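> next input, structure requested:
(2 chains)
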2 protein chains.
Amino acid sequence: MSEESQELGITESKSHRPGEWYAEVVQKAGLADYAPMGGFIVTKPRGYALWEGVQDALDGWFKETGVDNVYFPLFIPESYLEREKDVVEGFDPEVAWVTQGGHNELEERLAVRPTSESIIAPFMADWVRSHRDLPLRLNQWCSVVRWEATDTKPFFRTKEFLWQEGHTAHETHQDAWEEVWTRLEQYERLYTDVLAIPVLKGKKPEHDKFPGADTTTTVECLMPDGKSVQGGTSHHLGQSFADAFDITFVDEDETERTAHTASWGVSWRALGALIMTHSDDQGLVLPPTIAPTQVAIVPIWQEDTEEQVLSYASEVAEELEAAGVRVVLDDRDGRNPGFKFNEHELEGVPLRIEIGPNEATDDELTLVHRPDSEKLVVDREGAADTVQEHLDTVYAKLYAAAEETLEANVRTAESAEEIMGTIGRHGGYVKVPWCGDEACEAVIKEKVAAEIVMQPLAEESPETDGEPESPADPDATCPICGDPADQIAYFARTY
Amino acid sequence: MSEESQELGITESKSHRPGEWYAEVVQKAGLADYAPMGGFIVTKPRGYALWEGVQDALDGWFKETGVDNVYFPLFIPESYLEREKDVVEGFDPEVAWVTQGGHNELEERLAVRPTSESIIAPFMADWVRSHRDLPLRLNQWCSVVRWEATDTKPFFRTKEFLWQEGHTAHETHQDAWEEVWTRLEQYERLYTDVLAIPVLKGKKPEHDKFPGADTTTTVECLMPDGKSVQGGTSHHLGQSFADAFDITFVDEDETERTAHTASWGVSWRALGALIMTHSDDQGLVLPPTIAPTQVAIVPIWQEDTEEQVLSYASEVAEELEAAGVRVVLDDRDGRNPGFKFNEHELEGVPLRIEIGPNEATDDELTLVHRPDSEKLVVDREGAADTVQEHLDTVYAKLYAAAEETLEANVRTAESAEEIMGTIGRHGGYVKVPWCGDEACEAVIKEKVAAEIVMQPLAEESPETDGEPESPADPDATCPICGDPADQIAYFARTY
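Just a heads-up that it's a prediction; the model follows:
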């Protein structure tokens, strides 16, 4: 980061102008820039490193659980997209069309993939012959393009975005459920164990599921501005895609059967949630799990203490590095410690170690936690263990704060007016019994732009077919229409 | 792989019909399929795993040497591509054009990136202000599209291909040279240490360098059919791009200076070279370094020996796995050992371990090397070390065979006729003194479609500015025109 922009620091306020604040953090912490075409961004080194952190975590878990990575073409012929329309009415994504190749008009338009079902499914049909070929679990890490975004919000709303899309085929309906739960749990683990964000896990209401799906499950994260972010989805597709694309197999009894399929995806929106959840008016805040730099050591010296301080600081840096800590020794000349503190805070380094002549003489270290500026003096002996403990503490602080926000923002309501009033005043979730009628959601949606983002599940079991949880009170009624309510719904505004 | 296709095996001959044989190996070993649009392929799990192997190796080396990964947009506005044309005359790639977004015509056509200089350079200009911001080393792993390929050859010739493109900026001309050499050496290391392919390292002749570059360096691999593959290129771009895109910096003395840039890339053509070099009429052959499965254990049992053989085989499998060997215990029922041998051979597993009642009783293992079917009986004790040694031996065999082919196929010639005759008869390289005139190359090119693919370097040093090596004989003359020759050139046919 150049000195000029560095010196500016964050000028917007997270609580007063969250949108402007978010855009400023993204740019000034060096995560992304706006591309010349509206709706596109350039992902800079520090931003891309975060995406690599998400990839490393998920990709490892995927591979441990039988998933193979593949790469399908960027383009999908229009006739392939059309074929899908027979299955999934209502899914008419706005796509970018390639119409010219070199100096020639193409005979058939090619869509830049908005998602890859329609090109992957025909190949799955070809590759699956026998029950021995199942389960077939494919995943690709790629970018997709949807010509929908109006105003650009890096990582949240862009015409091109990075994601992974998993596509799997199974012998039975229950096997596909196992898959759906496995991925949903891995997504939950990504948020809770890597991004320090608690999630609400559940299903989308029937009218809002992925087109063609039997059931769409989701992990939802609450943002500090009171809106819910869909953090990842895992779809049980039943046999609709398999029927349409002839994904069949010969079973052990020599009978030809239709497969059951699932698909699941997480996009770089996870980075948007990460940045927005933890960061503050000093800049980016990152959990140590995913921070490219976990510890910044800032030596503080005068001319007569330079040698002592710098050699002590390097020893500490080496010790930490040897223990696997991602540490930077910031011994730049011509930058005063205050400047360095600000820069590391802006960039979200979880833990700062200040080392001056006192620390060097007393064999100590001064630690500063990024999230709350808590400052502690600790013994230098056992530095690697101590630092690891403090990194864990920083993680715990971030998670606890996010959890507290989530818990404080799940409210109940007795009427449509109360649902709307609560969301209008506080944002967050309003949890109510629901009759299951989309018309009741429409009432709320129209007035306060909130919708049902999630329904908690009765049980995550391949046996239950993704049933929503019922209200504790068997006589519960829908607060909107007054009819009997046999399910629970969470209303919220969304990204 | 389904049983039907498995049973077919490879039917083409590498020596007689190398093109057909290559296509068959790619498909039957499960590496790739043809996409519905000509020029595109679908990369299947085993093919993509090879690309991940290339990525893991290079990406690690890049990061150790100061490179940051980034992600730039898939699309480049036409006006950006046009801007580049001022710099690099002659580079008019045939691109795929996006002209419609959703239901609307776009005001400006967007090129699907054929390479990203023209979108990356303006951002480099923005990010580089001071000498403190240099060197700036960016890399992205992505796909690019060039509307050029006519007939599709997986990994060698496709309209869309996967690659990495590195773009760097430096303070001095010499710093940029250091960068060029660093990357060229890493590419050489990829081929020699991971893919078991020796390379010729050198520069492209002046008339064939990357448009806009000062110097293009290359690693070239000889394929068994006698053609040379450009395995990776590293370009010293001088100041042409920096001038055109205003990549300038304020130096320590407060003077504004123009940066020096470099770019470098390797594509999945490396996989094409890998597959073509080592594989044979039984199918794919892979070096253990990159093979997704390094060892296949095939237990061979009758009803009365099943328990003994299978428990012995599992113990061996566990021991190898614990030692970090990528091992598969192929204990499938309903497949006889011969079928399994063929399948593992087709898929390129470097080492097979056969375990029958004799091995189990005598505490031994029977090892079979994939490349030459050498069969050895070894003690079971110390299996992990023994297997590792044999994997190393398999690697060494592959490398030695490829090296022998290369060494036997660098020939000299005294006249244009001899150059053409030698290439016509043997393929391979013809090494000759050269006057430096493109017209002399044209004579050869026209007649036998061979060109100068490489010129060995005098020295890989930032001091020498990429000078080609001179002939040992100071009175050497160009065999084509008879003029004095102060450089050496390698002619070959190419992919």
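
> now do the helices in the stretch 201-350 of chain A.
Using DSSP state H, counting those that start in this stretch, the helices of the stretch 201-350 of chain A run over A:240-245, A:269-278, A:306-322, A:337-346.

> B:Leu58 is nearest to which of those helices?
helix A:306-322 (23.3 Å; Cβ to Cβ). Just so you know, the C-beta spots here come from the backbone N, C-alpha and C atoms, and that holds for glycine as well.

> in a markdown table: the helices of the stretch 201-350 of chain A, plus mean pLDDT and distance to chain B.
Listed next are these as a markdown table, based on pLDDT from 0 to 100; distance: least, Cβ to the nearest Cβ, whole Å:
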| stretch | mean pLDDT | distance to chain B |
| --- | --- | --- |
| helix A:240-245 | 93 | 13 |
| helix A:269-278 | 98 | 12 |
| helix A:306-322 | 97 | 14 |
| helix A:337-346 | 96 | 12 |
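
> deepest-packed of these, please.
helix A:269-278 (a mean of 25; mean count of other Cβ atoms under 10 Å in any protein chain shown).

> who's in contact with that one?
Applying Cβ atoms under 8 Å, 6 or more residues apart in numbering or on different chains, the contact partners of helix A:269-278 are A:18, A:22, A:25-26, A:31, A:47, A:50-51, A:54, A:153-156, A:161, A:190-191, A:195-197, A:221, A:223-225, A:229-232, A:284-287, A:290, A:371, A:398, A:401-402, A:495.

> cool, and stretch A:376-385?
A:316, A:319-320, A:322-323, A:325, A:359, A:363-368, A:386, A:390.

> what does the closest residue to A:Tyr71 other than its chain neighbours show for phi and psi?
In this structure, A:Tyr71 finds its nearest non-sequential neighbour in B:Thr43, 4.0 Å apart by Cβ to Cβ, 6 or more residues apart in numbering or on different chains. Here is the backbone geometry of B:Thr43 (degrees, to the nearest 10): phi -90, psi 110.

> need the pLDDT of B:Thr43.
Looking at B:Thr43, its pLDDT reads 98.

> just A:Asp465 next, same as before
88.

> got it, and the one 3 residues further on?
The per-residue pLDDT reported for A:Pro468 equals 94.

> count the neighbours of it for me.
Neighbour count of A:Pro468, defined by other Cβ atoms under 10 Å in any protein chain shown: 20.

> doesn't A:Ile488 make contact with it?
Yes. Counting by Cβ atoms under 8 Å, A:Pro468 sits close enough to A:Ile488 to count as a contact (6.4 Å).

> how near is A:Cys221 to chain B?
23 Å (Cβ to the nearest Cβ, to the nearest Å).

> thought that residue was touching A:Ile197?
Yes. In terms of Cβ under 8 Å, A:Cys221 counts as a neighbour of A:Ile197; the distance is 5.1 Å.

> which neighbours do those two share?
A:Tyr191, A:Gly231, A:Ala273, A:Thr277.

> list the buried ones in stretch A:329-337?
Using 16 or more other Cβ atoms under 10 Å in any protein chain shown as the test for burial, stretch A:329-337 gives A:Leu329, A:Asp330, A:Asp331.

> would you turn those residues into a markdown table with distance to B:Ile444?
Shown next, in a markdown table, are the buried residues of stretch A:329-337 (distance: Cβ to Cβ, whole Å):
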| residue | distance to B:Ile444 |
| --- | --- |
| A:Leu329 | 57 |
| A:Asp330 | 58 |
| A:Asp331 | 57 |
